[in-house]
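> Next input, structure requested:
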Amino acid sequence: MSSAVIALRRQWRAVALVGCVGLVVFGLSQPRWLVGSAVVWSYCLWLLFRGLDDNRREGDSILLASLGWPTWVTVARGGLLAVTAGFLFLPMPLGAGGFVPAAAYSVASLLDHVDGRLARALGRTTRLGEKLDMELDAVGILIVSALAIQYGKIPAWYLAIGLARYAFVLGIAWRRHRGAPVVTLDPLPLRRVLAGVQMGFLSVALWPPVPSELTLFVAPVFGGATLAMFARDWWRVSGRLVHDA
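Numbering: from 1, shown residues only. I've put the predicted structure just below:
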């Protein structure tokens, strides 16, 4: 085992310990809160551990011995998503407590704009960071979609938005299993823009002062745009869409 691998695993254990202690302290008064937070934090740790071997700069074969500041920011996002997920198993908190899940996810969404820029500025763009960022975007949207539905802020069908990426990935796996062709998805800036807009909408929807009448009214606009993009991408990877219009 190389020294870089040993160093990365040591950092992973430190992340796991600090995160677990923090969540336990935060949730001592609400054991049910720990259920959702523990599941999501465990998932984040699994993603991080699984991807340690991808902690390499783009085009470089050398394994970096340090996770680096950009990845630490992404890991912090995972911790905030775990905090948000804990509220899935609790009734909607009243008073000041009602602002906690909204604030946690809003900060996580803002940090999504930080880690990538920081990685490019420091020359620390890695496959690990890219994978972790993408997976946390998806799990965050799923968590907050479910939570906003629970709070009556968006319609129940909106859960399809949170599940869309996972259905998309399973669909690709199923096509490969059957030997059906899978076309590489083309780079499209609009895809990232829509993901950011979706996260922004869900962040706003969670805040208690924002009326549910408003979020329920505009939800079809944001949800429809995202589902249309997934439909377009599915046509692309399944070979039905050869050229963009």
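> what mean pLDDT would you report for stretch 78-90?
Averaging pLDDT along stretch 78-90 gives 95.
> Apologies, that question was intended for stretch 48-60.
According to the model, stretch 48-60 has a mean pLDDT of 91.
> got any ranges where this structure has weak pLDDT?
In the predicted model, the chain carries pLDDT under 70 at residues 241-245.
> give the contact list for the closest residue to Ala38 other than its chain neighbours.
In this structure, Ala38 finds its nearest non-sequential neighbour in Leu23, 6.8 Å apart by C-beta to C-beta, 6 or more residues apart in numbering. Where C-beta positions appear, they are placed from N, C-alpha and C, glycine not excepted. By C-beta atoms under 8 Å, 6 or more residues apart in numbering, Leu23 lies in contact with 34, 37-38, 41, 79, 82-83, 86.
> all strands in the protein, in order from the N-terminus.
Counting by DSSP state E, the chain forms no strands at all.
> count of neighbours near Leu190?
Per other C-beta atoms under 10 Å, the neighbour tally for Leu190 reads 10.
> The one 3 residues further on too?
If you count neighbours by other C-beta under 10 Å, Val193 ends up with 12.
> how distant is the lengthiest helix in the chain from the center of its chain?
Using DSSP state H to define each element, the chain has its longest helix at helix 212-237. On the basis of C-alpha atoms, centre = their mean, to the nearest Å, helix 212-237 sits 17 Å off its chain's mean C-alpha point.
> packing partners for that helix?
In terms of contacts (3 or more C-beta pairs under 8 Å, 6 or more residues apart in numbering; DSSP states H and E), helix 212-237 is packed against helix 159-178, helix 189-206.
> most neighbours per residue, which of the ones you listed?
helix 189-206 (a mean of 18; mean count of other C-beta atoms under 10 Å).
> gap between that helix and the chain center?
12 Å.
> any chance you could map the helices in this structure?
Going by DSSP H, the chain shows helices at 3-26, 33-50, 68-85, 99-122, 127-150, 159-178, 189-206, 212-237.
> want to try CSV for these, with distance to Arg57 as columns?
Compiled in CSV, the helices of the chain are given as follows (distance: least, C-beta to C-beta, whole Å):
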stretch, distance to Arg57
helix 3-26, 13
helix 33-50, 18
helix 68-85, 10
helix 99-122, 10
helix 127-150, 9
helix 159-178, 26
helix 189-206, 21
helix 212-237, 28
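> For Thr125, give me phi and psi.
phi -70, psi 120 (degrees, to the nearest 10).
> Tally up the residues packed near it, please.
Neighbour tally, Thr125, other C-beta under 10 Å: 18.
> residue contacts, the closest residue to it other than its chain neighbours?
Closest residue to Thr125 apart from its sequence neighbours, by C-beta to C-beta, 6+ apart: Ala119 at 4.6 Å. With C-beta under 8 Å, 6+ apart as the criterion, the residues that contact Ala119 are 68, 70-71, 125-126, 129.
> nearest to Gly19, of those residues?
Of all the contacts of Ala119, Gly19 sits closest to Thr71, with 14.1 Å by C-beta to C-beta.
> So what's the residue count around the closest one?
Neighbours of Thr71 (other C-beta under 10 Å): 25.
> try the one 3 residues further on
When neighbours are counted by other C-beta under 10 Å, Thr74 registers 30.
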